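Engineer: below are the sequence and a predicted model for it; my questions follow.
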Amino acid sequence: MAGHDDTALPDASAAEADRTLTCLGASVLGRFNGVDAGRGDQPALVYDSPVTGTRRTYTYAQLRDEVAAFAGGLAQLGVEQGDRVVIYMPMVPEAAIAMLACARIGAVHSVVFGGFAPHELALRIDDAAPKVVVSASCGIEGKRVIAYKPLLDRAIELAVHKPEKSVVLQRPQERAELGVDDLDWADLVAAAPPAGCVPVPANAPLYILYTSGTTGKPKGVVRDCGGCAVALHWSMGAVYDVGPGETMFTGSDVGWVVGHSYIVYAPLLVGATTVLYEGKPVGTPDAGQFWRVAAEYRVKTMFTAPTAFRAIRKEDPKGLLAVDHDLSGLRHLFLAGERLDPETYRWASTLLDIPVIDHWWQTETGWPIVANPVGIEAAPVKPGSPTRPLPGWDVRVLDPSGDPVPAGVDGAIVVKLPLPPGALPTLWNDDERYVASYLSAFDGYYLTGDSGHIDDDGYVFVMGRTDDVINVAGHRLSTGSMEEALAAHPDVAECAVIGVADALKGQVPRGFVVLKAGISREATEVEAELVQLVRDRIGAVASLKSVAVVAALPKTRSGKILRKTMRGIADGLDEPIPSTVDDASVIEALRPVLRRAGRAV
């Protein structure tokens, strides 16, 4: 994406210039802080794959050339400005290259997490109607090699829309058998001339990213080119304190919004080095890999999900694996994706002795809504809060009638319109659903779907999804508050609280905890202590009388605990296993425990 000789802005009136963006491809690797800024020899992207034993570094010049070459291949296949390209790949550099190549020629990419089930991939193919699908022969999950091509073939078979071609990156771990409509990535690139950049309007779509919807049909969140570039560029310095020549490691996946924003686009927009990591925080091979990556590449800012740190803490409670690595260059740890419980915050802060920054945002927003802007001036930290809203975000808390609630009182967290640059302008080909999903609940506000409160100092406390607020005998209680109490127990690594249907009280809470590695106490003893802990901290009104110690909690691939799925199983529903599940066997192992929890009310 981007080159030093990229197309200049076309002649235009002042009004047209205001809404025209010189190809985002030019901006990312060339004009702003890339090759044209003298960074051609600086590392742009570092690929670190402990699951394959591979490490590879692309300079800005090399990455620009790789992107231009693949963009040329797409152009040879007839991909033009506005055409869609679905990218179904593992965490390899070619995934980022494909994204940037689409942006270079004005195509709209839609990344689908590698390994998604064929049915889910087919839904996204039908909605986006791509001209081309880009995939890989396989992905690697832990120690398992997962063949992607059979999954892709089945998805295309199920889909009504048929892409014209599929481009397949052949990986040595397992090569794919190509069909008549398939092309080898290497062959395509070898036969195509590099593509130049295509200028597009600032409000042209850059990508579609699907997020789950309540109807079962995924929602295609649209991100526009200009707003995305402005918001991400500003946030890198102001929020994450990362600038030209510095390194950011975001432990996520390009299939999620965090990967789009802070693995691929934002670091390259500011001339930084980004680390693309293929592996897990634990088990590939140990819980010290994030420390190794941070030390080896002199990472200044690390960004991942709280669940990653809970997993590390579970395996290495004393943080002994961090001692082996020089982390003197690490200045900030950012956590987001789900609520950061105070206990995980304290553990990470004590271990690393650096600012641990909670921040809150969504797939729909594309960049943080609430954060501590350490690149400008760090505000005092309040554990449990991601701090205050950033510029552009007018955050309010409303009651069910749409009236503002007093400071400290929980309610629905909303954002007063208009939304700032970078936030979704609509859903792909579904304006009506966009309005119904986000703008209809409260007139003049964007509905975040999260609940919480704002204190007297303007600090926002996000307690969980709105549907995680339970009603116990007329008392509205946040499961997040109960989870905070459970997480404070010294033996608990991670936890979840769900509301289970009850004929008398409407709902009652049930807790589930995973203990830290090496804890050998009787589960019943720990469970009794946890029930008492919640009573002491919240009071008898919480009615938490049952806590179960379990081996693992079911999560999505991005690390979010599947509370809705757990709640449905406990209530006796025929709850389907979500396509985003990381390990379906965890749900099956937990099913009897959930059923017992539901029957016990």
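Structural biologist: It's in. Residues are numbered from 1 along each chain as shown.
Engineer: pretty sure residue 252 is touching residue 281, no?
Structural biologist: No - applying Cβ atoms under 8 Å as the test, residue 252 and residue 281 come out as separate, 10.8 Å apart. Yep, even glycine has a C-beta here, placed from its N, CA and C like the rest.
Engineer: okay, and the common contacts of these two?
Structural biologist: Common neighbours of residue 252 and residue 281, using Cβ atoms under 8 Å, 6 or more residues apart in numbering, are residue 304.
Engineer: neighbour count: the two, which is higher?
Structural biologist: Neighbours per residue (other Cβ atoms under 10 Å) separate residue 252 from residue 281, with residue 252 holding more: 26 against 22.
Engineer: can you pull the phi/psi pair for the more buried one?
Structural biologist: phi -140, psi -150 (degrees, to the nearest 10).
Engineer: phi and psi next, for residue 223.
Structural biologist: Dihedral angles (degrees, to the nearest 10) for residue 223: phi -120, psi 130.
Engineer: now do stretch 314-331: distance from first to last residue.
Structural biologist: End-to-end distance of stretch 314-331 (Cα to Cα, to the nearest Å): 24 Å.
Engineer: let me fix that, I meant to ask about stretch 423-436.
Structural biologist: 17 Å.
Engineer: likewise for stretch 232-246?
Structural biologist: Stretch 232-246: ends 16 Å apart by Cα to Cα.
Engineer: same thing with stretch 291-302?
Structural biologist: In stretch 291-302, first residue to last residue: 10 Å (Cα to Cα).
Engineer: give the buried residues for it.
Structural biologist: For stretch 291-302, burial by neighbour count (16 or more other Cβ atoms under 10 Å) applies to 291-295, 297, 299-302.
Engineer: I'd like the residues you listed as a markdown table, with pLDDT, distance to residue 119 and secondary structure appended.
Structural biologist: Formatted as a markdown table, these follow (pLDDT from 0 to 100; distance: Cβ to Cβ, whole Å; DSSP: H, G, I helix; E, B strand; the rest coil):
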| residue | pLDDT | distance to residue 119 | secondary structure |
| --- | --- | --- | --- |
| 291 | 98 | 38 | helix |
| 292 | 98 | 37 | helix |
| 293 | 98 | 34 | helix |
| 294 | 98 | 38 | helix |
| 295 | 98 | 42 | helix |
| 297 | 98 | 38 | coil |
| 299 | 98 | 38 | coil |
| 300 | 98 | 41 | coil |
| 301 | 98 | 38 | strand |
| 302 | 98 | 35 | strand |
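Engineer: how about those in JSON lines, adding distance to residue 424?
Structural biologist: Output for these, formatted as JSON lines (distance: Cβ to Cβ, whole Å):
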{"residue": "291", "distance to residue 424": "35"}
{"residue": "292", "distance to residue 424": "36"}
{"residue": "293", "distance to residue 424": "31"}
{"residue": "294", "distance to residue 424": "32"}
{"residue": "295", "distance to residue 424": "37"}
{"residue": "297", "distance to residue 424": "32"}
{"residue": "299", "distance to residue 424": "30"}
{"residue": "300", "distance to residue 424": "29"}
{"residue": "301", "distance to residue 424": "25"}
{"residue": "302", "distance to residue 424": "27"}
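Engineer: from those residues, which is closest to residue 347?
Structural biologist: When these are compared for distance to residue 347 (Cβ to Cβ), residue 291 comes out closest, at 14.2 Å.
Engineer: now the closest one: closest residue in space that isn't a chain neighbour?
Structural biologist: residue 325 (4.3 Å; Cβ to Cβ, 6 or more residues apart in numbering).
Engineer: just give me the neighbour total for the one you found.
Structural biologist: 16.
Engineer: residue contacts, it?
Structural biologist: Applying Cβ under 8 Å, 6+ apart to residue 325 gives the contacts 288, 291-292, 294-295.
Engineer: which helices and strands does the host helix or strand of residue 535 pack with?
Structural biologist: Following DSSP states H and E, one finds residue 535 within helix 523-538. Where contact means 3 or more Cβ pairs under 8 Å, 6 or more residues apart in numbering; DSSP states H and E, helix 523-538 is packed against helix 479-487, strand 506-515, strand 547-549.
Engineer: residues in contact with that helix?
Structural biologist: Residues contacting helix 523-538 (Cβ under 8 Å, 6+ apart): 477, 481-482, 485-486, 488-489, 491-492, 511, 513, 515, 519, 542, 544-549.
Engineer: and that helix, how far from the chain's centre?
Structural biologist: How far helix 523-538 lies from its chain's middle: 33 Å, per Cα atoms, centre = their mean, to the nearest Å.
Engineer: buried residues, that helix. List them.
Structural biologist: Quick answer for helix 523-538 (16+ other Cβ under 10 Å): 526-527, 530-531, 533-535, 538.
Engineer: find the nearest non-adjacent residue to residue 274, please.
Structural biologist: Closest to residue 274 by Cβ to Cβ, 6+ apart is residue 267, at 3.8 Å.
Engineer: look at the one you found and report its pLDDT.
Structural biologist: Looking at residue 267, its pLDDT is 97.
Engineer: in this structure it contacts residue 273, no?
Structural biologist: Yes - judged on Cβ under 8 Å, residue 267 makes contact with residue 273 at a distance of 6.9 Å.
Engineer: joint contacts of those two?
Structural biologist: residue 248.
Engineer: which residues in the stretch 1-150 of the chain form helices?
Structural biologist: 14-18, 24-26, 60-76, 93-104, 118-128, 149-158 (DSSP state H, counting those that start in this stretch).
Engineer: report the angle between the fourth one and helix 60-76.
Structural biologist: Yep, that's helix 93-104 we're talking about. On the basis of axes from the mean of the first three to the mean of the last three Cα atoms, to 10 degrees, helix 93-104 is oriented at 70 degrees to helix 60-76.
Engineer: how far off centre is helix 93-104?
Structural biologist: The chain centroid and the centroid of helix 93-104 are separated by 18 Å under Cα atoms, centre = their mean.
Engineer: next, the buried residues of that helix.
Structural biologist: Going by neighbour count (16+ other Cβ under 10 Å), the buried part of helix 93-104 is 93-104.
Engineer: ok, the fifth one next?
Structural biologist: Judged by neighbour count (16+ other Cβ under 10 Å), helix 118-128 contains these buried residues: 118, 120-125, 127-128.
Engineer: going by mean pLDDT, which of the helices and strands packed on helix 523-538 comes out lowest?
Structural biologist: helix 479-487 (a mean of 84).
Engineer: what residues does the following helix or strand past that one touch?
Structural biologist: Using DSSP H and E, the helix or strand that follows helix 479-487 in sequence is strand 492-502. For strand 492-502, contacts defined as Cβ under 8 Å, 6+ apart pick out 307, 310-311, 313-314, 317, 343, 468, 470-472, 479, 482-483, 486-487, 507-517, 530, 544, 553, 561, 563, 566-567, 570-571, 597-598, 601.
Engineer: where does this protein have low pLDDT?
Structural biologist: 1-34, 213-216, 467-478, 504-505, 539-542, 600-601 (pLDDT under 70).
Engineer: what about residue 233, distance to residue 256?
Structural biologist: Distance of residue 233 to residue 256, given as Cβ to Cβ, to the nearest Å: 20 Å.
Engineer: picking up where we left off before, burial measure for the residue nearest to residue 274, as a count.
Structural biologist: Residues near residue 267, counting by other Cβ under 10 Å, number 28.
Engineer: so which helix or strand takes in it?
Structural biologist: Short version, using DSSP H and E: residue 267 is in helix 266-269.
Engineer: by contact count, what packs against that helix?
Structural biologist: Using 3+ Cβ pairs under 8 Å, 6+ apart, helix 266-269 is in contact with helix 225-238, strand 273-277.
Engineer: wasn't residue 281 part of a helix?
Structural biologist: No - Residue 281 is assigned coil when assessed by DSSP: H, G, I helix; E, B strand; the rest coil, not a helix.
Engineer: ok, it - contacts?
Structural biologist: 251, 287, 289-290, 304, 308-309, 311-312.
Engineer: switch the cut-off to 6 Å
Structural biologist: Residue 281 makes contacts with 290, 308, 311-312, as judged by Cβ atoms under 6 Å, 6 or more residues apart in numbering.
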